[in-house]
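In: Got a predicted structure plus its sequence, pasted below:
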Amino acid sequence: MRRQFLASLVIAGLACTIPTMGAVAAPSYETTVPSLAEIAKIQQRQSVLLEAHLAAMKAGLKLSDDQAKTWEPFEAAIRDAAKARFDRWTQARERMSAAARPTPIERLSLMADHLQSNAEELRKVADAGKPLYDGLTDAQKLAFGPLMREFKPKHRL
């Protein structure tokens, strides 16, 4: 009796879901292009978060006066990388606004350019951060990794 009841529930559940399976939309290849106002809001929010994180990282490291001198180039490199990332995002928006979709080869080329730009920005941050990191105490070095991890973007273009 119990098995029949469970079997009936399963069949009823399947019967209810089969008609709705056709209602599931196929993935759309059209992309919603954010407006300039939306981009400005995103840029403002990212700017606020960057400022807060830089201040928190500097405070969390408790830099001495000598260490603070090496902080400035590191902070500038992070700001430059964030600006370049946002500029690429704006360029991607402009490309998305164009009527023609990129061909697969053009898309690969864009991805390669994007990866190369990211690599160059990371190299600049690493180069600017090396003197800072080398001058930290062991305790500060332990805190540096987790604090730095927060700069990793949660999403990419």
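Out: Sure thing, it's come through. As the structure is a prediction and not an experimental result, all values here were calculated from the model. Numbers count the residues shown, from 1 in each chain.

In: only C-alpha atoms for contact and neighbour calcs from this point on.
Out: Noted.

In: list the buried ones in the helix ranked longest in the chain?
Out: Assignment by DSSP state H gives helix 65-97 as the longest helix of the chain. Neighbour-count burial for helix 65-97 flags 67, 70-71, 73-75, 77-79, 81-82, 85-86, 93, 96 (criterion: 16 or more other CA atoms under 10 Å).

In: what's the burial count for Y133?
Out: When neighbours are defined as other CA atoms under 10 Å, Y133 has 19 of them.

In: shouldn't it be in contact with L142?
Out: No: the criterion here is CA atoms under 8 Å, and Y133 misses it with L142 at 10.4 Å.

In: before we move on, back to that, can you tell me which of the buried residues of helix 65-97 lies nearest to A37?
Out: Of all the buried residues of helix 65-97, R93 has the smallest distance to A37: 12.3 Å, by CA to CA.

In: isn't the closest one right up against P34?
Out: Yes: R93 is in contact with P34 according to CA under 8 Å; the separation is 7.1 Å.

In: Tell me which stretches of the protein form helices.
Out: Secondary structure of the chain, counting by DSSP H: helices at 2-21, 36-61, 65-97, 104-134, 138-149.

In: lowest-confidence stretch among those?
Out: In terms of average pLDDT, helix 2-21 trails the rest of the helices of the chain, at a mean of 46.

In: Off-centre distance for stretch 105-117?
Out: Offset of stretch 105-117 from its chain centre (CA atoms, centre = their mean, to the nearest Å): 17 Å.

In: Identify each buried residue in stretch 114-134, please.
Out: 114, 117, 121, 124-126, 128-129, 131-133.

In: Relative to L49, which of those is nearest.
Out: The closest of these to L49 turns out to be V125 (CA to CA; 18.1 Å).

In: if I read this right, the closest one contacts A77, doesn't it?
Out: Yes: between V125 and A77 there is a contact at 5.1 Å, judged by CA under 8 Å.

In: that older thread, the longest helix of the chain to helix 104-134, inter-axis angle?
Out: Angle, helix 65-97 to helix 104-134, by axes from the mean of the first three to the mean of the last three CA atoms, to 10 degrees: 170 degrees.

In: Begin at 667, not 1, for the rest of this chat.
Out: Sure, I'll start counting at 667 from here, so that last one is helix 731-763.

In: I am finished for the moment; much appreciated.
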